[in-house]
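Enquirer: whatever this is, show me its structure:
(2 chains)
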2 protein chains.
Amino acid sequence: MNRRQFLQAAALAALAPSFTWAVEPSLASDPATLQRWLKIAEKLKPTLHQTAKTPRTIVQPAADATRFLRWRMDSVAPAAGLNQRLLHEGDFVILDFGEHLTGHFSFTITGEGRGIDSPVRIKIVLGEVPAEVAEPLEKYQGSLSRSWLQEEVMNIDVLPATIDLPRRYAFRYVKLQVVGISPHFAVRFDKARAVALTSAGRNHQPLPPGTPEPLRQIDDISLNTLRDCMQTVFEDGPKRDQRLWIGDARLQALANYDTFQNYDLVKRCLYLFAAFPREDGLLPACMFEHPRAMRGHEYIIDYAALYVAMVLDYARATNDWATAKDLWPVVRRQLEILSGYIGPDGIFSAHPNIWVFIDWKEGLDRTAAMHGIYVFALRQAEELARALKDHAKVSEYGDRLEQSTAAARKAFWDAEKQVFVSGPNRQVSWASQAWMVLAGIATPAEGAATLEAVMKQPDAVRPGGPYLYHYFVEAMIRCGLKAGALELVQTYWGGMVRDGADTFWEVYDPANPMLSPYRDPLINSYCHAWSCTPAYLFRSGGLL
Amino acid sequence: MNRRQFLQAAALAALAPSFTWAVEPSLASDPATLQRWLKIAEKLKPTLHQTAKTPRTIVQPAADATRFLRWRMDSVAPAAGLNQRLLHEGDFVILDFGEHLTGHFSFTITGEGRGIDSPVRIKIVLGEVPAEVAEPLEKYQGSLSRSWLQEEVMNIDVLPATIDLPRRYAFRYVKLQVVGISPHFAVRFDKARAVALTSAGRNHQPLPPGTPEPLRQIDDISLNTLRDCMQTVFEDGPKRDQRLWIGDARLQALANYDTFQNYDLVKRCLYLFAAFPREDGLLPACMFEHPRAMRGHEYIIDYAALYVAMVLDYARATNDWATAKDLWPVVRRQLEILSGYIGPDGIFSAHPNIWVFIDWKEGLDRTAAMHGIYVFALRQAEELARALKDHAKVSEYGDRLEQSTAAARKAFWDAEKQVFVSGPNRQVSWASQAWMVLAGIATPAEGAATLEAVMKQPDAVRPGGPYLYHYFVEAMIRCGLKAGALELVQTYWGGMVRDGADTFWEVYDPANPMLSPYRDPLINSYCHAWSCTPAYLFRSGGLL
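Expert: Numbers count the residues shown, from 1 in each chain, chains lettered A, B, ... in the order given. Take a look at the predicted model:
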């Protein structure tokens, strides 16, 4: 999230204009229930798989305008040659593990020379992509804290030493640099190794034989992305933020059902959110795990809506309807709160202080898409109500669906342009079309036409990142545009592959490789949960 | 030591022109004996006293050209107010413990704000003097490694946290700075504390009642200096180097006999040196303790000579003549090696590759002073031989004393100028006069005249630091110039007191406050062993 949005969220917390804060106690906010839910979540906390990893090569960055973020890595020696290098003040060596991993890093360091007569000060920089270890981090000016840059400076008094860095990192590259040392000795690094951590196990559903190599490659990278984000929760990015967000978690869960099948991790996350609602029952957009489980301070109204889908996805994937039933009051409460935003015209109307995410995209009018997500959530809720035999709710959600579908068609359908529009300027965006389709507001035929139309329209607002691309691809599949959807995956996710991705990125715009929602691409997350969805699209998603 | 001298020492190790390296085994280099001596040393390793310390005030540095190193510290609040400060990115707070200490530092840190949504990166700078925490350390360009600058950068993932810095520091001031943090929260520091470490116990011999306050103050600071350098060996400086050097240790031992009386620590140090001679039996100038006891790579010929005095001092102070007897082969070997440098003219003539220390002073001609130290060592050795009833050596050393005294008077006494001179340019220095006196080459009457003369001579080479000032003061006392000696202590050590010393400094030149043998005063040691001797001079030294 950017600063403006944070401030909006902060203002919301202060104003809460549309909600009753002093609500009557309900099951969804009864302290004993919340406590019980937290206990369920904590019991499901996974033990992480640990895998020893060693670096493959010693590499050297080279400025290269044709490459992603303008850096290339050249192999210069096998990593086994690490201990053959004697490093003096200012010298550095960069190790390449050959793959992205989330975990710990350790090494040994020995001194050699006339006398080990000073401490040695070393700097360790860990990077997911070459630029992070190639660029001087001192110049960082991004809007997120520089403390997220994976950099450590340490003074080692006694050599030889074995250094196990206590923190966890997300990295492929490790730069070891000597920044302070006596002129009377130099150091050798050796035994560099990592322990990769994940709560993902093996992939239970490989792609069918004969799947073309480029798709297989996209799938592998999707799975690596998911694997490295799967820790004791579904993290959004293991390098930065490291939190559990509803929007990311729902997509991770979808990919996980088809592959690693760690159902308990999804259940844990569903209960974590449920255990920490705002006072009025609205779910927080994200959760912290440390120093203890607690809700984040952000509320994203479309994320609360997608929790409904996440519960239904889970029940369908696992047949664990008991959990869906246990969480049913939470789902109902989200719908109550969401429905409170429906204006006299039947359209979802978020107060300007409310954070409506939809996509990382400045200038996007979110009205139509948000309404679409609300209707989408109503549809999931209706199905849940039916499965849980809550007949009153089946009927209530059915009525609401009918009304809001009709209102949406009236408000957003532009008969002349034959696309859905959003906002006072009747903005045409990929986001609006996608959510009108996924909500079932557009018929499949209309959807197919509008999706194809918007893709051809140069001034339509395109997605800002993989999160919305995912929903757009899903919308295409739903409208029968499988070939186009596959092409889009190959163009977009395949573009990251061609740009050297080991795991898929938080943001990616082929036309603007330096894009960052935080004013500096060094702080972008290059292993980001919401980008792992090709693994799902290729399986249950129906793309292949 | 400076770089040039290091390189000289390195060249010596390679050339060793005057020594026979392949010597016949003797008791002083028999492996079983060396092993036994090391065991004695290790058994005597002290357990350190630990004292909890809390900071007294929060201070703010102010540029002030009239103050030492151009910085002043202004008190701004009691240290108890630390937790009332909320620190954002870039903010810092400086704690003043009100006294110098050697030990560990710890604190707690908590986050406060809308959300603790990033790690916090903090920088901790510890300083013995205000300049070390006031100046930006990035600009450091000294000749010793910047890794000695007491600075840590750490990333803290989870707040609240209790941080116990694992390294040991020498400090009075601690700067805590937030260098990276999310804009959504700030931090508070609290529970800042230190654990001071020393192997010094209580002072068994306070100054007599009625001692004037300025002298009492000098004595207190001497004792604090000694205390903070007394760790598991007599360190030269607890901030930087942290090694056991013969030249420093002898002076520390003298001050210790009169005050803390940790005799075992002296014994440990004597045995440590003895256990690690060079292959030819020459003692190393210094010892490392970590990762295991081992000799340093420097050989200082005047330090080897002073080991002889250190053994005699110890035996006199403790009446432990058994130890003197055990180490007698080491003492004899030093004398053999030293005597090998006597040229046909009877004068000690060091090969240019040999490190002759005498004093931190560029341009000093060391010939006369070195010869003086050799004669001084012969005299101590003769006395030891007498006590240990080694009659052959009493006679040998007696003969050598006679010869070298006569040779020195011939070579160094300038009858016209009525001072001792040194080198081809007949340089007049404080160093030469002092050592001619201490060696007994000058009669007390001659000594008194030359010492007074040299002090009045503006172009005489003055001492570069406290180490030589000490020997000059001792020489004055020996010649009956007690009043002048006391005045010199009050001028020189008292000058450091007036400049704000909490412990006495490695180098000090009132005429050049920015003096550093390492090209940057920030790297100077401000609690330095060899500067603690007023505590001895005021007691056994006979100054009061």
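Enquirer: lowest-pLDDT helix or strand in chain A?
Expert: Least confident helix or strand of chain A, by mean pLDDT, DSSP states H and E, is helix A:3-15 with a mean of 41.
Enquirer: what's the span of stretch A:108-119, first residue to last?
Expert: 15 Å (CA to CA, to the nearest Å).
Enquirer: could I get the buried residue list for that stretch?
Expert: Within stretch A:108-119, the residues that count as buried by 16 or more other CB atoms under 10 Å in any protein chain shown are A:108-109, A:111, A:113-119. Using the backbone N, CA and C atoms, a C-beta is placed for each residue, glycine as well.
Enquirer: of all the residues you listed, which two lie farthest apart?
Expert: The distance between the two most remote of the buried residues of stretch A:108-119 (CB to CB) is 21.1 Å, for A:Thr108 and A:Arg114.
Enquirer: re the thing from before, in JSON lines, list the buried residues of stretch A:108-119 along with distance to B:Lys43.
Expert: Shown next, in JSON lines, are the buried residues of stretch A:108-119 (distance: CB to CB, whole Å):
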{"residue": "A:Thr108", "distance to B:Lys43": "31"}
{"residue": "A:Ile109", "distance to B:Lys43": "31"}
{"residue": "A:Gly111", "distance to B:Lys43": "28"}
{"residue": "A:Gly113", "distance to B:Lys43": "31"}
{"residue": "A:Arg114", "distance to B:Lys43": "30"}
{"residue": "A:Gly115", "distance to B:Lys43": "26"}
{"residue": "A:Ile116", "distance to B:Lys43": "25"}
{"residue": "A:Asp117", "distance to B:Lys43": "26"}
{"residue": "A:Ser118", "distance to B:Lys43": "29"}
{"residue": "A:Pro119", "distance to B:Lys43": "28"}
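Enquirer: partners of the longest strand along chain A, with directions?
Expert: Longest strand in chain A, counting residues (DSSP state E): strand A:92-113. Applying DSSP bridges, strand A:92-113 is found paired with strand A:57-63 (antiparallel), strand A:161-164 (antiparallel), strand A:169-180 (antiparallel), strand A:185-198 (antiparallel).
Enquirer: so which of those strands comes closest to B:Pro238?
Expert: Closest to B:Pro238 of the strands paired with strand A:92-113, according to CB to CB: strand A:169-180, at 18.7 Å.
Enquirer: just how off-centre is that closest one within its chain?
Expert: With CA atoms, centre = their mean, to the nearest Å as the basis, strand A:169-180 stands 25 Å off its chain's centre.
Enquirer: may I have it as CSV, with CA atoms only?
Expert: The C-alpha trace of strand A:169-180 is given here as CSV (Å, rounded to 0.1, in the frame of the first residue of the first chain):
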residue,chain,number,x,y,z
TYR,A,169,15.7,-13.5,4.1
ALA,A,170,14.3,-14.0,0.7
PHE,A,171,17.2,-14.2,-1.8
ARG,A,172,19.0,-15.8,-4.7
TYR,A,173,22.1,-13.6,-4.5
VAL,A,174,24.3,-12.9,-1.5
LYS,A,175,27.0,-10.2,-1.5
LEU,A,176,29.7,-10.5,1.1
GLN,A,177,31.8,-7.4,1.4
VAL,A,178,34.7,-6.4,3.6
VAL,A,179,34.2,-2.8,4.7
GLY,A,180,36.7,-2.5,7.5
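Enquirer: next one: the residue sitting furthest away from the middle of chain A from A:Pro183, what distance?
Expert: What lies farthest from the middle of chain A is A:Arg114; by CA atoms, centre = their mean that is 51.2 Å. Distance of A:Arg114 to A:Pro183, computed by CB to CB, to the nearest Å: 9 Å.
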